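1. structure for the following, please:
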Amino acid sequence: MIVTARDASRCIGSFRSNRPIPTLDRKRVYTLPELVDIAEMANPEGRIAWEAAKRSLELAGVDRALYLPLITLAGQGSDVRAIVPFPKPIAPRGYVTVEQPIVAAQLQLEYSLLDFGRGAKVDGSKALEIASTLRLSRVHQKIAYSTSAGFYQTQQASGHLEAAQMILQTAETLLQNAQSQFDNGRATLPDVQNAQAGVAEARFDLAAAVGEVKKTKLALTESIGVEPTTEIEIQPQQNDSPDPMDRNVEELIQTAWKSRPDLLARAQEVRRAKDAYRAAHAAYLPVVGFDATGGQTSTWPTADWGELGPASVTTWSAEVKLRWELFNGARRHEVAAALAEQRSAVEEQRAAQDSVTREVWAAYVDYQTALEQQRSSQSFLQAAQTSYDSSLDAYKYGVRSLVDVVQSERELAQARLAVVRSQAQFMQSAVALGYATGDLLKNTTSPTGVHP
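-> Numbering: from 1, shown residues only. Sure, this is the predicted structure:
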């Protein structure tokens, strides 16, 4: 968890911006954690967030440097020719010309001894640094969420393709039985034609399923951040029974309020707004500074009348400065603007908390619904398979009509698709719930398998 500026610096400093963008291996079957890891390195949005956080880190360093002196090395080389008036008894023309080449090298020191607004500026930049790093964490959670959603959509499309292939096999088996019954005089021609129509419909659905798999793979690779392609193989869908969640929605909401990086970033923005208000008030107070210079100055002056001697001596200066703005007509408006920004940040934080609560509620409802549908789909498939097998056997013995078998076949097809769809929806809802609570990419038990 990022809670201090040191945590933010360590997090940002661990990133190497010159890392090459990874590529996909066409011969490899990828799991979800592997794709999330690739997406975190390849997704442009994540790389942009890294650079934005790096910029905030450097700007915080700029503000911290306000406590340090400014030391400058200044060098000067010049040549001046000037006219200097002189009385005629001394200079017959009433003037002399002087040429003075100068070489000087100095160290200049500027140090702010007392600045009441400096601490507020540094605290505000620290808050902005932490907020940027927290937003970076949220961007990575967003990347993991979009990658996971694309992964499960691809799994669902692949599962639909497998189901469409099984449905086609079932339709062809039914057609063979109808043709056999027709050849033996126990079925009519419309029965055979209905079975043929079922095969044609299954082939139509199969072609659509093939196209859907390619489209979901394109979307998945795009969300990862690599070049969109259909040449990617992922782990097939698992039909494991999910474990029920042991936390209620109130606990999930509290978790979201405490761990959502974007909410934590909002809190840091409120802190930064308060520091800006402090800095605006500090403009009423004086600023004390210290300036000093020291170095060597050399000169070789010459004149057309008389003699001037060269010099090379050490020169220095020191001064303490006090600056106090006794009247500034804009200062009152600056303070009022800073106060308005602070109040706006507080209201934005409250609105964000309400939005997070709604997101957690919606994700929780979707998760519970998907869990019940996933469990019911298995019973649906078993019942539909048993009904189809019984109807087909009865049709072979002439007890049931082809219409009954076709109806059972359609129910079986719907059950197979429902199993695939419910499993994918459950996994997607689990990822969405983790994203809503801010637990995604954390070392917690998750049914999605998405961990750091």
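
2. switch to C-alpha atoms for all contacts and neighbour counts from now on
-> Noted.

3. from residue 434, how far off is the nearest residue to residue 189 once chain neighbours are set aside?
-> In this structure, residue 189 finds its nearest non-sequential neighbour in residue 182, 6.9 Å apart by C-alpha to C-alpha, 6 or more residues apart in numbering. Going from residue 182 to residue 434 by C-alpha to C-alpha, to the nearest Å gives 56 Å.

4. repeat for residue 363
-> For residue 363, the distance to residue 434 - C-alpha to C-alpha - is 9 Å.

5. the two: which has the busier surroundings?
-> When residue 363 and residue 434 are compared for neighbours, residue 434 comes out ahead with 26 against 23, by other C-alpha atoms under 10 Å.

6. and the pLDDT at that one?
-> The model reports residue 434 with a pLDDT of 90.

7. my guess is it meets residue 440, correct?
-> Yes - look at residue 434 against residue 440 with C-alpha atoms under 8 Å: they come within range, at 5.0 Å.

8. which residues in the stretch 1-150 of the chain form strands?
-> 29-30, 70-85, 95-115 (DSSP state E, counting those that start in this stretch).

9. what do you get for the stretch 251-400 of the chain?
-> 287-299, 302-303, 311-323.

10. JSON lines for the ones you listed, including distance to residue 203 and mean pLDDT?
-> What follows is the strands of the stretch 251-400 of the chain, written out as JSON lines (distance: least, C-alpha to C-alpha, whole Å; pLDDT from 0 to 100):
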{"stretch": "strand 287-299", "distance to residue 203": "82", "mean pLDDT": "93"}
{"stretch": "strand 302-303", "distance to residue 203": "105", "mean pLDDT": "84"}
{"stretch": "strand 311-323", "distance to residue 203": "85", "mean pLDDT": "92"}
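
11. could those be laid out in TSV, adding distance to residue 237?
-> Formatted as TSV, the strands of the stretch 251-400 of the chain follow (distance: least, C-alpha to C-alpha, whole Å):
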stretch	distance to residue 237
strand 287-299	67
strand 302-303	94
strand 311-323	71
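
12. can you pull the buried residues of stretch 114-126?
-> Judged by neighbour count using 16 or more other C-alpha atoms under 10 Å, the buried positions of stretch 114-126 are 115, 116, 117, 118, 119, 120, 121, 122, 123, 124, 125, 126.

13. how far off centre is it?
-> 29 Å (C-alpha atoms, centre = their mean, to the nearest Å).

14. before we move on, what about stretch 223-240?
-> With C-alpha atoms, centre = their mean, you get 21 Å for stretch 223-240.

15. what do you get for stretch 86-99?
-> 77 Å.

16. returning to what we had before: following the strand or helix carrying the residue nearest to residue 189, which helix or strand comes up?
-> Per DSSP states H and E, residue 182 falls inside helix 118-183. Moving toward the C-terminus from helix 118-183, the next helix or strand (DSSP H and E) is helix 189-224.

17. packing partners of that following helix?
-> helix 32-42, helix 118-183 (3 or more C-alpha pairs under 8 Å, 6 or more residues apart in numbering; DSSP states H and E).

18. ok, now which ones touch the nearest residue to residue 137 once chain neighbours are set aside?
-> Distances taken as C-alpha to C-alpha, 6+ apart put residue 261 closest to residue 137, at 6.3 Å, once the chain neighbours are dropped. Neighbour list for residue 261: 134, 135, 137, 138, 438 [criterion: C-alpha atoms under 8 Å, 6 or more residues apart in numbering].

19. for ChimeraX, what selects the buried ones among the residues you listed?
-> ChimeraX command restricting the contacts of residue 261 to the buried ones, with burial defined by 16+ other C-alpha under 10 Å:
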select :134,135,137,138,438
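
20. of all the contacts of residue 261, which comes closest to residue 412?
-> residue 438 (39.0 Å; C-alpha to C-alpha).

21. I'd like to know how many residues surround the closest residue to the closest one other than its chain neighbours.
-> Leaving aside its sequence neighbours, residue 438 sits nearest to residue 260 (C-alpha to C-alpha, 6+ apart; 4.4 Å). As a burial measure, residue 260 scores 24 neighbours (other C-alpha under 10 Å).

22. so residue 260 touches residue 437, yeah?
-> Yes - using C-alpha under 8 Å, residue 260 makes contact with residue 437 at a distance of 6.3 Å.

23. pLDDT score assigned to residue 437?
-> pLDDT, read off for residue 437, is 91.

24. got the contact list for it?
-> So residue 437 contacts 252, 253, 255, 256, 257, 259, 260, 356, 360 (C-alpha under 8 Å, 6+ apart).
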